[in-house]
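>>> just to be clear, the model below is a prediction. Sequence and coordinates:
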Amino acid sequence: MSVHADRRPSPARRGGALAAVAAVALLAAPAAVAAPVATSSGAESASAVVHPVAPTAADEKAVRDYWTPARMAAVLSDPPSNRPPAGGPDGAAWKGSAALSKSVGRLFYTDRDGEDSSCTATLVTAANRSTVVTAGHCTLGHNLLGDDARWNTNQLFVPGYRDAKAPYGTFAVRLASVHPEWVKSGENSPYDQAFLSLGRNAAGERAADAAGSTQRLGYDRPGNLPVQQFGYPRASAYKEANQGRPEFTGKRLAHCWGTARETLGWGDVPKPEDRWGVRCDMGGGSSGGPRIADFNNSTGKGAVVGVNSGSWHMTEAGLFCEAPAAGCHRYLVGPRFTKQVTQPLFAAVQNS
């Protein structure tokens, strides 16, 4: 079954699809409190719910000050090991173009239970040069039943994060944009996507200017394309050879690659709508990482066509299976970006 890729262990998740409609609503809640989200009539009739996470310069500084290098390093992960590098299409350290690693970074936050955690996010080409895309649950989480939505606090993006260092500075999240159907339920996996508008780093720079690299967005692309999926996993999902490696303990960027496949339902569990991904060992922390099509290894550029959201076990025939079992493989999957759902979320914050 599906699980959020930033958690370990994690609850089962099922997909659902509901129609999108048309305006933008603003839900205010104190930035320092994991406040419940009221699904008011305004939010229910919107195509984007925009939340002020750290809207003032003082709020931004407080978030940057909260995330010291020691606090970042203390986020829960598998213990380190001295295993030699072991990589393949289902999980390896990224050693390619710096343009890619500059555009992808770790997204730190304090979750609804008050625990520090992390996801992955990607700088995208935007008018404000300060917008990242990630998974919805990396900014707005739910309880184990998918209810009681609460905003994560202390949200901070670190492009190019590597070995507890922030080479381009750190950027507090000012605004978060999610779909109202994601506010309603954490079971609505096609809506598990979000865009975040960032503040400036301590030097006063915008994120895209400081990092020097962004990725473009791709809407309504076929799901079954050759893709690269990136993330900062804090754990290996199943391969002992990866456990404790720097790229599987949140210290360095990892990736998986192949031709994406769509998840299928099983028994009484409906097919999660429009979720795609490749076989991948990246575990908790890789949520929100980009699924990139048309990827050029030399330039490190491509089109972000979706994000990592959860995992699904399938056979080669595409049928759900229970792991561990022969012929049963884990896929890291997430929603496919569309103009109907994704574009309004981006438009709601890219000019902020």
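On my side now, so go ahead.

>>> what's the following helix or strand after the worst-scoring helix or strand of the chain on mean pLDDT?
Lowest on mean pLDDT, DSSP states H and E among the helices and strands of the chain sits helix 41-44, with a mean of 34. Scanning forward in sequence from helix 41-44 by DSSP states H and E, the next helix or strand is strand 48-52.

>>> report the angle between the following helix or strand past that following strand and strand 48-52.
Under the assignment DSSP H and E, the closest C-terminal helix or strand after strand 48-52 is helix 57-66. Angle of helix 57-66 versus strand 48-52, following axes from the mean of the first three to the mean of the last three CA atoms, to 10 degrees, is 80 degrees.

>>> neighbouring contacts of the helix or strand following helix 57-66?
Next helix or strand after helix 57-66 toward the C-terminus (DSSP H and E): helix 69-73. Residues outside helix 69-73 that contact it (CB atoms under 8 Å, 6 or more residues apart in numbering) are 106, 108, 116, 118, 158, 161, 164-166. Yep, even glycine has a C-beta here, placed from its N, CA and C like the rest.

>>> out of these, which end up buried?
106, 108, 116, 118, 158, 161, 166 (16 or more other CB atoms under 10 Å).

>>> residue contacts, the most centrally placed residue in the chain?
Centroid-nearest residue in the chain: residue 288, 0.9 Å away (criterion: CA atoms, centre = their mean). Going by CB under 8 Å, 6+ apart, residue 288 touches 6, 107, 119-122, 133-135, 138, 194, 231, 307-308.

>>> pLDDT wise, what is the residue nearest to it when sequence neighbours are not counted at?
The shortest distance from residue 288 to any non-neighbouring residue, by CB to CB, 6 or more residues apart in numbering, is to residue 134 (3.3 Å). On pLDDT, residue 134 comes in at 98.

>>> touching, residue 134 and residue 306? I think so.
No - when contacts are counted by CB atoms under 8 Å, residue 134 is not listed as touching residue 306 (11.6 Å).

>>> list residues touching both of those two?
By CB under 8 Å, 6+ apart, the residues touching both residue 134 and residue 306 are residue 193.

>>> hang on, the earlier thing: what's the PyMOL line that selects buried ones from the contacts of residue 288?
Selection command for PyMOL covering only the buried members of those, criterion 16+ other CB under 10 Å:
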select buried, resi 6+107+119+120+121+122+133+134+135+138+194+231+307+308
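
>>> before we move on, the earlier item: which two among the contacts of helix 69-73 are spaced furthest apart?
Greatest spatial distance among the contacts of helix 69-73 (CB to CB): 116 and 165, at 17.9 Å.

>>> residues contacting residue 103?
122-123, 159, 211, 213-215, 300.

>>> where does pLDDT dip in the stretch 151-300 of the chain?
265-272 (pLDDT under 70).

>>> how many neighbours does residue 213 have?
For residue 213, the neighbour count with other CB atoms under 10 Å is 21.

>>> my guess is it meets residue 207, correct?
No - at 10.1 Å, residue 213 does not count as touching residue 207 under the criterion of CB under 8 Å.

>>> quickly list what's touching both of those two.
Common neighbours of residue 213 and residue 207 (CB under 8 Å, 6+ apart) are residue 123.

>>> tell me the secondary structure at residue 92.
strand (DSSP: H, G, I helix; E, B strand; the rest coil).

>>> how close does it sit to residue 255?
Per CB to CB, to the nearest Å, residue 92 is found 6 Å from residue 255.

>>> and those two? Which one has more around it.
residue 255 (28 against 20).

>>> and the more buried one, what element?
Counting by DSSP H and E, residue 255 is part of strand 254-259.
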